[in-house]
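1. Turn this into a model:
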Amino acid sequence: MTDSVLVAEHPAGDRVIGQLTLNVEKTLNSLTRDMVEVITDHLEVWAEDDKVVAVFIDGAGEKAFCAGGDVQALRNSCIETPGGPCDYAEHFFAREYRMNYLLHTYTKPLICWGHGVVMGGGLGILAGCRYRVVSERTRIGMPEITIALFPDVGGSWFLNRMPGQVGRFLALTSSHINATDALYCGLGTKFLANEQKADLLADLTTQAWSGNTTANHELVGAVLADGVAGIEQPDAQIEPHIDTINEWMAGDDLAAIHARVMSWQGEDNWLGKARDGFAHGSPLAASWIFRQLNQTREATLEAIFESELILGCNIMRHPEFAEGVRALLVDKDRSPAWAYPNLASVPADIVDSFFTAPAEMPELGLPE
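-> Predicted coordinates for the structure are as follows:
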């Protein structure tokens, strides 16, 4: 059986560079609980190993870095124990959040090669790394509203730090963005062609590494700064539409935002897809996505992960998520029977209930 995460250590003088490659091409390198554990275990070991100076994270194949978590496995967990606790799904979230917290707080340089599809849990990994390379075929998206989830694995952190109302827009419309957009909104830090990956890794192994973490970060920054992409970046999508995005998403009234977007009658194809994504998403999910983003604007990273785990566990225990995955990925009829037909029919007390820790949910267990 092929290892779902390939682990390598590349000699770099008297030091080494660790490499973790997500290796399940047939599922676009979607994360399983075992993969999360392998990544976490190696990051923890390498954090304490003086020989390891940096870590490079990428995905196998040409199509994807990582398409997210294995949502069908999560759905199976929900169906097995309706109303919860949903053991596999909830513990998957807890372990994934511990991994993402480790990425965000890692002291050594983490370089993520975000080529191809980067969604859900894959975006959580990319966003957690200090150095985030995007390529000509990077396709980033947060499609959670279409399956009645929410932009988890730190989405409340990085979406709230984007310019203007871009984070709210991406969360509510499931819009896809490219490398140029990723650089604009802070998800990407460097654009390179995918064919340059091997050269970058080779360049990194020739640097004058030391035991000084600050100096090692400067080395990585310099190597990336010197890298010149031999191809043009894709055309921007977010920046040319930023005024419309900010106008659509302004204010604290979700119903008013929804009405503005639905009344748009322009001819721009990308904005039209954004409108349709919002229109077809779960009204209940739109409600909890909007609340989660609003109430975590000033929260610490630890508090955000705690709140996201609570929301995630509650969602696993509600039938809306299983129905969303059924319609999109199982039966593929794209006709979900949402619990509520529109935003106006979503009861406030139901939304409230998703933000209180449910009984017997797993502990997040972040390091002290």
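
2. need the contact list for residue 39.
-> Shown in contact with residue 39 (Cβ atoms under 8 Å, 6 or more residues apart in numbering): 5, 20, 57, 99, 125. Quick note: C-beta positions are derived from backbone N, CA and C, even for glycine.

3. in terms of contact, does residue 335 touch residue 327 like I think?
-> Yes: at 5.8 Å, residue 335 counts as touching residue 327 under the criterion of Cβ atoms under 8 Å.

4. Neighbour count: the two, which is higher?
-> Set residue 335 next to residue 327 and count neighbours by other Cβ atoms under 10 Å: residue 327 wins out with 20 against 10.

5. Need the residue closest to the centroid of this structure.
-> In the chain, the residue lying closest to the centroid (Cα atoms, centre = their mean) is residue 123, at 2.7 Å.

6. Let's test this: mean pLDDT of the strand or helix carrying it, rounded?
-> Applying DSSP states H and E as the criterion places residue 123 in helix 121-128. For helix 121-128, mean pLDDT rounds to 97.

7. ok, longest helix in this protein?
-> Longest helix in the chain, counting residues (DSSP state H): helix 87-105.

8. Return the set of residues that bridge with residue 113.
-> Beta-bridge partners for residue 113, by DSSP bridges, are residue 133.

9. neighbours of it, just the number please.
-> 26.

10. which residues touch it?
-> Residue 113 sits next to 56-59, 65, 133, 135, 197, 200 when contact means Cβ under 8 Å, 6+ apart.

11. So which of the residues you listed are in strands?
-> Of the contacts of residue 113, the ones assigned to strands by DSSP state E are 56-59, 65, 133.

12. Columns neighbour count, pLDDT and distance to residue 90 on top of the residues you listed, output as TSV?
-> Formatted as TSV, the ones in strands among the contacts of residue 113 follow (neighbours: other Cβ atoms under 10 Å; pLDDT from 0 to 100; distance: Cβ to Cβ, whole Å):
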residue	neighbour count	pLDDT	distance to residue 90
56	24	98	31
57	25	98	25
58	22	98	29
59	27	98	26
65	31	98	25
133	29	98	33
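
13. Next, the contact list for residue 88, please.
-> Residue 88 makes contact with 33, 73-74, 76-77 under the criterion Cβ under 8 Å, 6+ apart.

14. thinking again about what came up before, between the contacts of residue 39, which has the most around it?
-> Highest neighbour count within those, by other Cβ under 10 Å: residue 125, with 29 neighbours.

15. looking at it, that residue is touching residue 101, isn't it?
-> No: Residue 125 lies out of contact with residue 101 (Cβ under 8 Å); the separation is 12.0 Å.

16. can you confirm residue 37 is in a strand?
-> No: assessed with DSSP: H, G, I helix; E, B strand; the rest coil, residue 37 is helix; it does not lie in a strand.

17. Now it. Nearest residue, chain neighbours left out?
-> residue 95 (6.5 Å; Cβ to Cβ, 6 or more residues apart in numbering).

18. so what's that neighbour scoring on pLDDT?
-> 96.

19. now do the one 4 residues further on
-> Here the pLDDT value assigned to residue 99 is 97.

20. before we move on, what about the one 10 residues further on?
-> Here the pLDDT value assigned to residue 109 is 98.

21. Could you tell me how many residues sit around it?
-> Residue 109: 24 surrounding residues under other Cβ under 10 Å.

22. any idea how far it is from residue 186?
-> 18 Å (Cβ to Cβ, to the nearest Å).

23. Nothing else from me, thank you.
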